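K.L.:
would you be able to build a 3D model of this:
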Amino acid sequence: MELVALFLMSIKKIIPPLAAIFFGLTVIFYTLTLGAWDFNRQFLLSDVFLNMWEHFQDGNLYVDENIIGREGFLINGKTTAYFLPFPALARGVLSFFNGGRSAILSMLIASAIYLTASWLIFKKLIELSSISSQVAKYFSKLFFILLICAPPTLGLMTYPDVFTEAITWGYSIFLLCIYFSITALSAKDGQLHLSTLSVLAGLSLFTRPPYLVASSILLILTLLIFHLSNPSDRTNRAINKRLAFPIIIFSAFLILLGYFNYLKWGRPFEFYPLEHYLMYSKEDYENLLRIGTTKINRIPESFSYYFLPWGDNFSSAIPWLKTGSHHFFKGFGSPVNYREPTYPITITMPWYVLSGALGIWTLLSSLKFPKGRNQQIALALIPSGIATCAPIAAILSLHANAWRYAGEFIPAITIFSMLGWIYLLKKLDDHLLNKGASRRKDELPIYMVGTGLFLLIIISTLYLAFTAVLRKDSFLSLWDINSAYVAQSSPIKPKHSISFDRLLEERYGMPFLIDGWSEPEKGYTWSEGKRSVLRFSMPSAYQLSTLNLSIKALISGSHPAQRIDIYINGRFFNRKLISTPTDVIEIPIPSYSNQSLSGIEKITNTPIKPNILEIELRYLDATTPKEIGLGNDGRKLAIALESATFQ
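P.N.:
A predicted model of the protein is given here:
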């Protein structure tokens, strides 16, 4: 009976945190899908990791050219991706359950790891702080609700792409590393925690380069402090057996990483060989070498890009916030060669930034004036505090400013905001204990004011995150406006031809070919089968009225014409008869000005569903070249698409 009662008590304790995590995942799901609640929603390059997994199964580290496009790297005639393998491995596991193509599901699993790690870390820090008053414990629960139900990751989730998925997995696994670092340094016997930390730090090596450095620093500092804080260890100057096992585990992961990089790039310590980057011309690469990939003197400009709002981030209409193009210290230090529109972290997560700043001050003051529990918390957090600075230092000195890189600040913001709130809770706890018996008079006003303040913080955090529901095509529109800072702007613009050529330098058009297309060839891409689909996410910066598709038709003396039924966004438009070798299919672009908006769209002044132009071509006379005497090709073809031009 006692075991049953203990089990029920454990279940009762764990249900509220799990319910909060589920709610937090629901909010993230809504944000990731832009309100569509669709696990199958795809975003920019979201098939890359599944394609990487498929190549892993074939025994190579390549990526299909039509999947990665100009974000690929061309090594010895083969295309590969910049990314390390971990998100692809996660997609591989999901593929066994028919979920390998769902980038949304992959990011939700990573977010579940992040939220769980956040809960465990906060719970541990509360235990170490020895908060005793019921009022302080009540407010610790409120902060937990804020941390899990309105996490600092929400702003990042409104801009999902393939990089966001990799960054999410990176900081999620790294945050688990931080939890086991804290428990290893605060537990009486941290051997098991150290071993677990070494495994997780090894896995973290395979997520993103910034977390490779961060996890290495975290493990080294944790082992060092663990060794110095145990008197029995200090008597033996050689590394004792307790430390040997974690070091061996982590070293094995390092060797595997070096071998992976050697197979992929030809060099064990290479991660980003930009000389092979398809986005860069020879001149672009030479310019990058001139300005430098990372420069410390970029930190002021990058810091202002990520943290300091400018006047053009605010508007007079609801929601009063928007992306901008200017910031403080612009042009200070070494030049950057890529810059996205600004949307500072202080706008999307102001309360976390403020509490994080307080947490940094708390940790530094605890080290300066060590005292009891404060010293224990400080020692447990020294490795985490230093290690979380590694991704920040890398991003602030990088040659590129990108909104998605805000994800690299998440571990530091999460840890230091927790410490900031614990500082406030501890001050409240000490105040109430000092009041003694008379404290009951103060408790009711504290409950009321504090609860109201937390409700305001939670609601405003969700609001600020949802006002950042920015469609990818909105960013592309702004990229065109700020083209001086962009390596590649949106190809959808007036009088600009989008090529469907095999040559990688010209293959802007591949992402728009959704279904019913063959492999690209020199100069064009053939349709294959009885129907083909093109889909364009239309930028709002231009008033486009016509789409012209330049095509070649499969015709001969015995097969003189191709009839094509054209559907625009699911509605029949026209039947086109093509009887010449080359022709142009002219398609009117429907107006989107009367789009119906939901309540959340009206509040945020941002359409959740992007303006999609989907063209379906149904071929009534598709045939094979072999059947009409034009060779031995057995594919069922109708037209070859050369280019698309918007007017």
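
K.L.:
where does pLDDT dip in the stretch 151-300 of the chain?
P.N.:
159, 230-240 (pLDDT under 70).

K.L.:
tell me which stretches of it form helices.
P.N.:
Listed in chain order, the helices of the stretch 151-300 of the chain (DSSP state H, counting those that start in this stretch) span 154-157, 162-186, 191-204, 209-228, 231-234, 241-265, 282-291, 299-307.

K.L.:
any idea which of those helices gets closest to residue 530?
P.N.:
Each of the helices of the stretch 151-300 of the chain has some distance to residue 530 by CB to CB; the shortest is helix 162-186, at 31.5 Å. For every residue, glycine as well, the C-beta is placed using N, CA and C.

K.L.:
so what does the closest one touch, helix or strand wise?
P.N.:
Contact here means 3 or more CB pairs under 8 Å, 6 or more residues apart in numbering; DSSP states H and E; on that basis helix 162-186 packs against helix 48-57, helix 86-95, helix 103-129, helix 154-157, helix 191-204, helix 209-228, helix 372-387, helix 410-435.

K.L.:
for the shortest one, packing partners?
P.N.:
Which is helix 154-157. Contacts of helix 154-157 with other secondary structure elements, assessed using 3+ CB pairs under 8 Å, 6+ apart, are made with helix 2-32, helix 162-186, helix 345-348, helix 440-466.

K.L.:
looking at the helices and strands packed on helix 162-186, which is closest to residue 274?
P.N.:
Residue 274 lies closest to helix 209-228 among the helices and strands packed on helix 162-186, at 13.0 Å (CB to CB).

K.L.:
and that closest one, what's buried?
P.N.:
Neighbour-count burial for helix 209-228, with 16 or more other CB atoms under 10 Å as criterion, is recorded at 209-223, 225-226.

K.L.:
by how many degrees do it and helix 372-387 diverge?
P.N.:
With axes from the mean of the first three to the mean of the last three CA atoms, to 10 degrees as the criterion, the two stretches helix 209-228 and helix 372-387 enclose an angle of 140 degrees.

K.L.:
shouldn't residue 245 be in contact with residue 195?
P.N.:
Yes. With contact defined as CB atoms under 8 Å, residue 245 counts as touching residue 195 (5.9 Å).

K.L.:
before we move on, back to that, so which of the helices and strands packed on helix 154-157 is the most packed in?
P.N.:
Sort the helices and strands packed on helix 154-157 by mean neighbour count, taking mean count of other CB atoms under 10 Å, and helix 162-186 sits at the top with a mean of 26.

K.L.:
now the helices of the stretch 151-300 of the chain as JSON lines including distance to residue 644?
P.N.:
Below are the helices of the stretch 151-300 of the chain laid out as JSON lines (distance: least, CB to CB, whole Å):
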{"stretch": "helix 154-157", "distance to residue 644": "31"}
{"stretch": "helix 162-186", "distance to residue 644": "23"}
{"stretch": "helix 191-204", "distance to residue 644": "42"}
{"stretch": "helix 209-228", "distance to residue 644": "36"}
{"stretch": "helix 231-234", "distance to residue 644": "67"}
{"stretch": "helix 241-265", "distance to residue 644": "34"}
{"stretch": "helix 282-291", "distance to residue 644": "25"}
{"stretch": "helix 299-307", "distance to residue 644": "34"}
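
K.L.:
out of those helices, which gets nearest to residue 568?
P.N.:
Taking CB to CB, helix 162-186 is the member of the helices of the stretch 151-300 of the chain nearest to residue 568, at 29.0 Å.

K.L.:
could you dump the helices and strands packed on helix 162-186 into a markdown table and include distance to residue 462?
P.N.:
Supplementary listing: these in a markdown table, determined by distance: least, CB to CB, whole Å:
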| stretch | distance to residue 462 |
| --- | --- |
| helix 48-57 | 29 |
| helix 86-95 | 27 |
| helix 103-129 | 15 |
| helix 154-157 | 7 |
| helix 191-204 | 30 |
| helix 209-228 | 28 |
| helix 372-387 | 27 |
| helix 410-435 | 16 |
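
K.L.:
I'd guess residue 575 is in a strand, am I close?
P.N.:
Yes. Assessed with DSSP: H, G, I helix; E, B strand; the rest coil, residue 575 lies in a strand.

K.L.:
picking up where we left off before, need the winner for burial among the helices and strands packed on helix 162-186.
P.N.:
Of all those, helix 154-157 carries the top mean neighbour count, a mean of 26, counting by mean count of other CB under 10 Å.

K.L.:
starting at the chain centroid, how far to that helix?
P.N.:
Centre-to-centre, helix 154-157 and its host chain are 8 Å apart (CA atoms, centre = their mean, to the nearest Å).
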